[in-house]
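Novice: Generate a structure from the sequence data that follows.
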Amino acid sequence: MAISAKVSSAELTAQVTNRFVDNIFEIRLINAPGTSYTPGVTIDSSLLGQEVVYGTGGYVRQTFKFVSADVAGYSDDGIGLARKAAVFTHNGSATPTVFSHAVMCRGDGNVLTLNPVSSAPPSGVNGTYTNVPTITTGTGKGLTVNLVVTNSGASTSDWAVAANNFGYDYTVGDTINITAATLNQVGATVAGVNNLVFSVATATSGGGQIVAVAQTTSTINLGGGNQAVLYFDLKQFGYYSV
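Specialist: Down below sits the predicted model:
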C-alpha cells in the first residue's frame, strides 16, 4: 500500500536555498531541431555541444543569480523561486541567431569579484557607469561591469569596478580591460588614451550541469535587431508516495 508523505516547508526551503541561492546560472541557446531532452537519458554534453556559436548575430550566454529574497513561501506542496528573465538581443547583422532549445545550466567561469584597478587613465569623469563592456586576453566572454569614478580619477583607487553581467569561461587571474574607446563612449573619460586594467579575483568553477531545458515548438530565427526574452519559473515540490 502506498503511503503519501509531504516534505516539511522548512526542509523544502532549506533544499531550495542550498541548491539555488547565491548560485549563478547560465542560459544557453541550442540549435538542435528535432532533439528531445530526457533527464538521465540524454547525454548533457551532446546537447550542449550544439550551442549557437558565440557572436552569431551577437549571441552571448545570459546569466542570472538567485538571492535569498527570491525564495517564496510554501504553497501547493512546494517552494517556488522568483521569476528570472534572459534577454537575447540580435545585433542587427545579416546573420540570424537560430535556435531550437533554451537550456539553463549551472554557471561555470562566471566572475564573482574583481581585483582593484591596476592601471587607469590619468583622469576621468565622476559618476556611475553601468553595464560597461570589457575585453580579456583569456577565453572569457560576456563580462560587463559597473564602474564608479570618484575624485576625477586622479589615482587608480578612484576607479572602482564590480561585475554586472557575470560572463562565462573566465578563470581567476584573467586580465580584464575596458578600452580607452569604451571609456570615452560611456562618458567616463573626455578623451580616453589609456585602458582601465584589472583582473578576476574569484569565479565559479565546476559547473555546466543542465538544470532545465525548454524546447521551442519550431526553430527560432532571431534577426533584424529584435529580442528574444525567455522567462524561468522554478518550483521544487515536496509531496511524494512510497
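Novice: residues near the closest residue to Gly238 other than its chain neighbours, how many?
Specialist: Spatial nearest neighbour of Gly238, excluding adjacent residues (Cβ to Cβ, 6 or more residues apart in numbering): Val7 at 3.0 Å. No exception for glycine: its C-beta is placed from N, CA and C like everyone else's. Val7: 18 surrounding residues under other Cβ atoms under 10 Å.
Novice: my guess is Val7 contacts Gln236, does it?
Specialist: No: contact between Val7 and Gln236 fails when scored by Cβ atoms under 8 Å: they sit 9.1 Å apart.
Novice: now Gly238: how far from Ser8?
Specialist: As judged by Cβ to Cβ, to the nearest Å, Gly238 and Ser8 stand 7 Å apart.
Novice: These two: which has the busier surroundings?
Specialist: Counted by other Cβ under 10 Å, Gly238 and Ser8 do not tie: Gly238 has more neighbours, with 18 against 10.
Novice: For the more buried one, which residues are in contact?
Specialist: 6-9, 11-12, 77-79 (Cβ atoms under 8 Å, 6 or more residues apart in numbering).
Novice: swap in Ser119?
Specialist: By Cβ under 8 Å, 6+ apart, the contact list for Ser119 reads 156, 194-197.
Novice: Among these, which lie within strands?
Specialist: Using DSSP state E, the members of those that fall within strands are 196-197.
Novice: How about Thr89, nearest residue that isn't a chain neighbour?
Specialist: Nearest one to Thr89, counting by Cβ to Cβ, 6+ apart, is Gln227 at 4.9 Å.
Novice: Give me the pLDDT for that neighbour.
Specialist: Per-residue confidence (pLDDT) for Gln227: 97.
Novice: Quick one: neighbours of it, just the number.
Specialist: 9.
Novice: Ile27 too?
Specialist: Ile27: 21 neighbours (other Cβ under 10 Å).
Novice: quick one on the thing from earlier: what two of the contacts of Ser119 are the furthest from one another?
Specialist: Largest separation among the contacts of Ser119 by Cβ to Cβ: Thr156 and Asn195, giving 12.3 Å.
Novice: in the lengthiest strand in the chain, what's buried?
Specialist: Ranked by number of residues, the top strand in the chain under DSSP E is strand 210-222. Neighbour counts over strand 210-222 (16 or more other Cβ atoms under 10 Å) mark 210-211, 213, 220, 222 as buried.
Novice: helices or strands next to it in the packing?
Specialist: helix 44-48, strand 97-106, strand 227-232 (3 or more Cβ pairs under 8 Å, 6 or more residues apart in numbering; DSSP states H and E).
Novice: tally of neighbours for Arg61?
Specialist: The number of residues packed near Arg61 is 24, by other Cβ under 10 Å.
Novice: can you pull the contacts of it?
Specialist: 26-28, 141-142, 168.
Novice: Name the nearest residue to Ala32, sequence neighbours excluded.
Specialist: Gln50 (4.3 Å).
Novice: Phi, psi for that neighbour please.
Specialist: Main-chain torsions, Gln50, degrees, to the nearest 10: phi -110, psi 30.
Novice: Just the element for the residue nearest the centre of the chain, please.
Specialist: In the chain, the centroid-proximal residue (Cα atoms, centre = their mean) is Thr63; its distance is 1.4 Å. Counting by DSSP states H and E, the element that carries Thr63 is strand 62-65.
Novice: strand partners of that strand, parallel vs antiparallel please.
Specialist: Partners of strand 62-65 in the sheet, by DSSP bridges, are strand 24-30 (antiparallel).
Novice: contacting residues around the strand it pairs with?
Specialist: Taking Cβ under 8 Å, 6+ apart as the rule, strand 24-30 contacts 47-48, 50-52, 59, 61-66, 84, 86, 88, 97, 99-108, 110, 112, 166, 168, 204, 207, 211, 230, 232.
Novice: for the record, mean pLDDT for it?
Specialist: Averaging pLDDT along strand 24-30 yields 97.
Novice: Done for today, thanks.
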